[in-house]
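In: Next input, structure requested:
(one chain, ligands or ions: 2)
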Amino acid sequence: MGLGECLKSQVLCQVLISYVFLASGLLINLLQLCTLPVWWLNKSLARRINCRLGYCISSQSVAILDWWSGTECTLYTDPKMYPLYGNENGIVVLNHQFEIDFMCGWSFCDRFGVLGSAKVLVKKELAYVPVIGWMWYFLEIVFCKRKWEEDRITVSQSLQKLRDYPENFWFLLFCEGTRFTAKKHQISMEVAEKKGLPKLKHHLLPRTKGFWVTIQNLRGTVAAVYDSTLNFRNNESPSLSGILSGKKYHADLYVRRIPLESIPEGEAECAAWLHKLYQEKDGFQEQYIQTGRYPGPIVSAPRRLGPLINWLCWSALVLFPLGAFLVSLLSSGSTLTILASLAFCYGASLLFRWMIGQTEISRSSGYGNKVNSSS
Ligand SMILES: CC/C=C\C/C=C\C/C=C\C/C=C\C/C=C\C/C=C\CCC(=O)SCCNC(=O)CCNC(=O)[C@H](O)C(C)(C)COP(=O)(O)OP(=O)(O)OC[C@H]1O[C@@H](n2cnc3c(N)ncnc32)[C@H](O)[C@@H]1OP(=O)(O)O
Ligand SMILES: CCCCCCCCCCCCCCCCCC(=O)OC[C@@H](O)COP(=O)(O)O
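Out: Ligands and ions are numbered 1, 2, ... in the order given. Predicted structure coming up:
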């Protein structure tokens, strides 16, 4: 192990990274709250400001992935489509089986200049996660309860609001609705069998309603669906804890651009189209496992310096007061203040640990564990 790797694996480094993320994130959440009056005066300006503030948070996770852990993200796609990425609105359909897939997604958003405005259909539970969940509220992220009777109205309403969004955005949909586990796979293949659909080897059966409602509401606003398949080399199962301790992974993403006009309008036809798409995705996944490659050529989409600079600036901003506080704490010699500070640090580390837990598949929800869909 080299000096760099040894340093990155030290607990102190991870404590400092967590501190920077939490302290700067909460400060940015507060700034987002301050933009509320701007919404009434100039909605477009408020949205643009929130895109920048959101970037300040999500790009920290990109910095950790791209620059701290040095994880490489390779893009396979049609080079003729490349100039369109980031210059139009897109719906991204992604497989959902890795703990850090959201970080890789954000990294690609950054590479194409749409990180601040990135959107996702996300489970409501994540709205309560400090920093990221609270940031999402101001970015007009679409939340769902994974209960169609309730979601059909709220999801449509939230999607309608995106129709006049002032910046290009990508809207991410994990149509499988939950992360892949062997048990969820087995149950969903029983559902596939009952529906007379071909079995999938590497995906859960997609939930079609969210996709249909998204297409229906964003038609005319979004130009294309970006069918995306993510995998990691050497059969690795990457984790956020691994990234934080500086472990390098290699992600491969295959993207096909499908014009929105080619997707059928009716609900049943749209659902059938999505099932067919997942059968194709299963084929790409199988090819990747067999050959270590996807069908398309590799195009260069290098990591950018922006996230690193942003991260260093926020680190300087919040580490300096921490240093000053520690010096004054030690020189005060007050046992009570020292104990109170230690208790506060312990609480903050528990909070960060809980946040990391949200990304762990072993703590995944029970959604999809039985045929009738309840979280
Ligand atoms: C160039 C580069 C390109 C790309 C770069 C890549 C990415 C970058 C892009 C953007 C990044 C942005 C942000 C990333 C940041 C963070 C994201 C982090 C993670 C959060 C993600 C989540 O929270 S995932 C969970 C929430 N999302 C979803 O659930 C979406 C999918 N779900 C749906 O669409 C659902 O339909 C629903 C949620 C709208 C409603 O849920 P409900 O459960 O009520 O679903 P259904 O009504 O569909 O379910 C009933 C039907 O399903 C059948 N059924 C029953 N049991 C099962 C089963 N076990 N498996 C499968 N199917 C089942 C049942 O028979 C019903 O069938 P019908 O025929 O009646 O439909
Ligand atoms: C500078 C330091 C940066 C470190 C980055 C730290 C981020 C730590 C906090 C992460 C908080 C959670 C944010 C989003 C997590 C996305 C998790 C996810 O993928 O959700 C799963 C759902 O899709 C489906 O849920 P399940 O039904 O599988 O259950």
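
In: Near ligand 1, which residues of the stretch 51-200 of the chain are found?
Out: Residues of the stretch 51-200 of the chain found near ligand 1 (Cβ under 6 Å from any ligand atom) are 85, 92, 94, 102, 105-106, 108-109, 118, 120-123, 126, 144, 146-148, 151, 155, 170, 172-175, 177, 187-188, 191. For the C-beta atoms, the positions are set from N, CA and C on the backbone; glycine is no exception.

In: The same query, at a cut-off of 5 Å, please.
Out: With the criterion set to Cβ under 5 Å from any ligand atom, the stretch 51-200 of the chain comes near ligand 1 through 85, 92, 102, 105, 108, 118, 120-123, 144, 146, 148, 151, 170, 172, 174, 177, 187-188, 191.

In: just the helices in this structure please.
Out: Ranges of helices within the chain are 3-8, 11-34, 36-41, 43-63, 101-111, 132-138, 148-161, 182-194, 209-218, 240-244, 267-291, 306-332, 335-357, based on DSSP state H.

In: hey, which of those is tucked in deepest?
Out: Most buried of these by mean neighbour count (mean count of other Cβ atoms under 10 Å) is helix 101-111; its value is a mean of 24.

In: For it, name the packing helices and strands.
Out: When contacts are defined as 3 or more Cβ pairs under 8 Å, 6 or more residues apart in numbering; DSSP states H and E, helix 101-111 packs onto helix 43-63, strand 72-77, strand 90-94, strand 250-259.

In: Dump the ones you listed into JSON lines; add mean pLDDT as well.
Out: JSON lines is the format used below for those (pLDDT from 0 to 100):
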{"stretch": "helix 43-63", "mean pLDDT": "98"}
{"stretch": "strand 72-77", "mean pLDDT": "98"}
{"stretch": "strand 90-94", "mean pLDDT": "98"}
{"stretch": "strand 250-259", "mean pLDDT": "98"}
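
In: can you put those in JSON lines and add distance to N231?
Out: Shown next, in JSON lines, are these (distance: least, Cβ to Cβ, whole Å):
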{"stretch": "helix 43-63", "distance to N231": "19"}
{"stretch": "strand 72-77", "distance to N231": "10"}
{"stretch": "strand 90-94", "distance to N231": "11"}
{"stretch": "strand 250-259", "distance to N231": "5"}
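
In: Contacts only, for the residue in the stretch 151-300 of the chain that ligand 1 sits nearest to.
Out: Nearest residue of the stretch 151-300 of the chain to ligand 1, counting by Cβ to the nearest ligand atom: G210, 2.0 Å away. Residues in contact with G210 (Cβ atoms under 8 Å, 6 or more residues apart in numbering) are 121, 144, 151, 155, 173, 175, 177.

In: just to revisit the earlier point, mean pLDDT lowest where, among the helices of the chain?
Out: If you rank the helices of the chain by mean pLDDT, helix 3-8 sits at the bottom with a mean of 85.

In: For it, which outside residues touch it?
Out: With contact meaning Cβ under 8 Å, 6+ apart, helix 3-8 is reached by 13, 68-69, 245-246.

In: Pull out the buried members of these.
Out: Among the contacts of helix 3-8, the ones that count as buried by 16 or more other Cβ atoms under 10 Å are 68-69, 245-246.

In: With only the CA atoms kept, save stretch 114-130 in CSV.
Out: Only the C-alpha atoms of stretch 114-130 are listed here, as CSV (Å, rounded to 0.1, in the frame of the first residue of the first chain):
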residue,chain,number,x,y,z
VAL,A,114,-26.2,19.2,-15.8
LEU,A,115,-25.2,18.2,-12.3
GLY,A,116,-26.9,21.2,-10.6
SER,A,117,-30.2,20.5,-12.4
ALA,A,118,-30.2,16.7,-12.2
LYS,A,119,-33.6,15.3,-11.3
VAL,A,120,-34.8,11.9,-10.1
LEU,A,121,-37.9,10.0,-9.1
VAL,A,122,-37.0,9.2,-5.6
LYS,A,123,-38.6,7.4,-2.6
LYS,A,124,-40.2,9.8,-0.1
GLU,A,125,-38.1,8.3,2.8
LEU,A,126,-35.0,10.0,1.3
ALA,A,127,-36.6,13.5,1.6
TYR,A,128,-35.8,13.4,5.4
VAL,A,129,-32.1,12.7,5.0
PRO,A,130,-30.2,15.9,6.1
